[in-house]
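S.K.: sequence isn't available, so here's the structure alone:
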């Protein structure tokens, strides 16, 4: 039998299974890119501060770590601000898609069932890569249309979309390779995420080591950028030269990874990875005797990765405080409006803590949605067959998420405080001010988590898509984007983030904190009651 027999059938099946998931990814990223670009076009078109903002981006090491400055146009500035985030999310979309239809299929037994029919050995791998690359192409086109709608030039818009899509396609190939190396879904995704982190660090290091040209608004990145798919995308320089030839590097990397994955798949046993599995202990530790200990064990790796990312993000944001203090014009006005204070440093501290809360909410959603995964995969059946009830199981995940998000917010605040204190000369004071201020953001994140638990309890198999849509809506109508786009106050109040005191710019008052906590408690109680009353969606 041809090793690729049945590829198109499996590709149609994978596309049908992921049509909603991939649609949410594509539309959300395009909406974010279009809205932020329109925002900056409106701000800089009205104030004429584009040149100053571009020079600040080119000369600030912290900003250069997060993006490559290429010019003083709105499109170039928007690409510098958004590209790394969009590229990383596109890469994760591709990795999750490929791993889901390769390694996860083997892990759950679906691939074995399909392989019993007229399906070749490499069909599932080829189908997964095809669906992921087509999703990246759709993302590239949708991003370009969003940028066009924001008033940007067509050539630059399509170059920006292609750059993001190319990074996603490369990491589809990376996910295909890691799916052959690891014998578990979590391991394959973790290896691909590590490769994405290395790519980000290489591109960021290249940007920081680069040289600012004579114009003062553009940076020539260093050589490490050529080792990174993210660096290749940045070298396309949308809206500032529009180079297309780096796409050849991305195409070569994708083809190389696909061929390598096929060769590795032919050399391993079905259901197994090439890397040896670590042997577990003969006896389980006492911490695994409770649902809380089990939830912690399952999520500690995710928490560790998020902890490193949040600490690093805090250090970068804190290192920018001197540039923010010296800023003028629209940039300064934006921080004072979002941060709720005329004092620029207090406003900046408050605004970055709001950003951290939104990032931490992503972690909470990710952690709590594991409950839906355990239910669909059937692993919760073994847990609930013991003396553990549904309430204890759900509360274990809720407590685990609460502890984790508290740690993440504290690490971010400590990172900002240490880096800002190193610039201002008093790191102890900065940490002492910022760490307690994160407590004001915690109730809003917990309210989002409680709402996700309600979705898990009521939506069953549709909880994943509904939870991510809910989070995106809370962020877009919240104080950061709501203030930026001048949304009515009643619309902003629909987001729990709008009710968090803007500490340390303003004093923390008890009423909004207690009200948000009470709302979170009501949602949690409703989720627990509903979970106890319905049947579990266990596999047959």
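M.R.: It's in. No experiment lies behind these values; they were computed from the predicted model shown.
S.K.: what is the rounded mean pLDDT of stretch 473-487?
M.R.: Across stretch 473-487, the average pLDDT comes to 79.
S.K.: what about the host helix or strand of residue 36, average pLDDT?
M.R.: Using DSSP states H and E, residue 36 sits within helix 7-47. In this model, helix 7-47 has an average pLDDT of 86.
S.K.: distance from the chain centre to it, please.
M.R.: Offset of helix 7-47 from its chain centre (Cα atoms, centre = their mean, to the nearest Å): 14 Å.
S.K.: show me what it is packed up against.
M.R.: helix 74-101, helix 123-149, helix 330-339, helix 463-476 (3 or more Cβ pairs under 8 Å, 6 or more residues apart in numbering; DSSP states H and E). In short, each C-beta sits where N, CA and C put it, glycine included.
S.K.: quick one: work out the angle between the helix or strand just after the third one and helix 330-339.
M.R.: The element immediately downstream of helix 330-339 (helix or strand, assigned by DSSP H and E) is helix 344-377. Our comparison of helix 344-377 with helix 330-339, counting by axes from the mean of the first three to the mean of the last three Cα atoms, to 10 degrees, yields an angle of 60 degrees.
S.K.: quick one: contacts of the next helix or strand after helix 344-377?
M.R.: Per DSSP H and E, the first helix or strand lying C-terminal to helix 344-377 is helix 379-384. Outside helix 379-384, the residues that touch it by Cβ atoms under 8 Å, 6 or more residues apart in numbering are 291, 294, 371, 374, 390, 393, 536, 538.
S.K.: once you drop chain neighbours, what's closest to residue 509?
M.R.: Among residues not flanking residue 509 along the chain, residue 501 sits closest, at 6.1 Å (Cβ to Cβ, 6 or more residues apart in numbering).
S.K.: now the one you found, what are its backbone angles?
M.R.: Main-chain torsions, residue 501, degrees, to the nearest 10: phi -60, psi 140.
S.K.: tell me the contacts of it?
M.R.: 440, 507, 508, 509, 512, 513.
S.K.: how much space between residue 334 and residue 55?
M.R.: 17 Å (Cβ to Cβ, to the nearest Å).
S.K.: between the two, who's got more neighbours?
M.R.: A direct count of neighbours by other Cβ atoms under 10 Å for residue 334 and residue 55 places residue 334 higher, at 19 against 16.
S.K.: I figured that one hits residue 42, correct?
M.R.: No. The criterion here is Cβ atoms under 8 Å, and residue 334 misses it with residue 42 at 11.4 Å.
S.K.: for residue 80, give me its contacts.
M.R.: Residue 80 neighbours (Cβ under 8 Å, 6+ apart): 57, 63, 67, 68, 69, 70.
S.K.: just give the closest residue to it, not the sequence neighbours.
M.R.: Counting by Cβ to Cβ, 6+ apart, residue 67 is the residue found nearest to residue 80 once chain neighbours are left out, at 3.9 Å.
S.K.: for the residue sitting nearest the centre point of the chain, give its distance to residue 26.
M.R.: When the chain is reduced to its mean C-alpha position, the closest residue under Cα atoms, centre = their mean turns out to be residue 89, at 5.6 Å. Computed with Cβ to Cβ, the distance linking residue 89 and residue 26 is 10 Å.
S.K.: and for residue 123?
M.R.: 25 Å.
S.K.: list the residues that contact residue 94.
M.R.: 132, 133, 135, 136, 168, 169, 171, 172, 175.
S.K.: gap between residue 36 and residue 495?
M.R.: Where residue 495 is concerned, residue 36 sits at a distance of 17 Å (Cβ to Cβ).
S.K.: compare these two (neighbour count), which wins?
M.R.: Ranked by neighbour count (other Cβ under 10 Å), residue 36 and residue 495 place residue 495 first, with 24 against 18.
S.K.: how about the more buried one, nearest residue that isn't a chain neighbour?
M.R.: residue 478 (3.9 Å).
S.K.: now that neighbour: phi and psi?
M.R.: phi -70, psi -180.
S.K.: show me what counts as buried in stretch 11-25.
M.R.: The neighbour-count check on stretch 11-25 (16 or more other Cβ atoms under 10 Å) flags 11, 13, 14, 15, 18, 21, 22, 24, 25 as buried.
S.K.: now swap in stretch 332-344 and tell me
M.R.: For stretch 332-344, by 16+ other Cβ under 10 Å, it's 332, 333, 334, 335, 336, 338, 339, 340, 341, 344.
S.K.: which ones are touching the last one?
M.R.: With contact set as Cβ under 8 Å, 6+ apart, residue 344 has these partners: 324, 325, 327, 332, 335, 336.
S.K.: just the fifth one next, same as before
M.R.: With contact set as Cβ under 8 Å, 6+ apart, residue 336 has these partners: 342, 344, 347.
S.K.: which among these gets closest to residue 98?
M.R.: Set against residue 98, the nearest of those by Cβ to Cβ is residue 347 (42.6 Å).
S.K.: what's around the closest one, how many residues?
M.R.: 25.
S.K.: show me the shaky parts of the stretch 301-450 of the chain.
M.R.: 329-331 (pLDDT under 70).
S.K.: against residue 381, how distant is residue 147?
M.R.: Distance from residue 147 to residue 381, by Cβ to Cβ: 47 Å.
S.K.: which one of these two is surrounded by more residues?
M.R.: Between residue 147 and residue 381, counting by other Cβ under 10 Å, residue 147 is the more crowded of the two (29 against 13).
S.K.: let me see the contact set for the nearest residue to that one once chain neighbours are set aside.
M.R.: Spatial nearest neighbour of residue 147, excluding adjacent residues (Cβ to Cβ, 6+ apart): residue 157 at 3.7 Å. Each residue near residue 157 by Cβ under 8 Å, 6+ apart is listed here: 75, 143, 144, 145, 147, 148, 238.
S.K.: quick check: end-to-end length of stretch 210-223?
M.R.: Length of stretch 210-223, first residue to last, Cα to Cα, to the nearest Å: 9 Å.
S.K.: roughly how far out does it sit from the chain middle?
M.R.: 28 Å.
S.K.: now it: mean pLDDT?
M.R.: On average, stretch 210-223 scores 85.
S.K.: and it, which residues are buried?
M.R.: For stretch 210-223, the buried set under the neighbour-count rule, 16+ other Cβ under 10 Å, comprises 210, 217, 218, 219, 221, 222.
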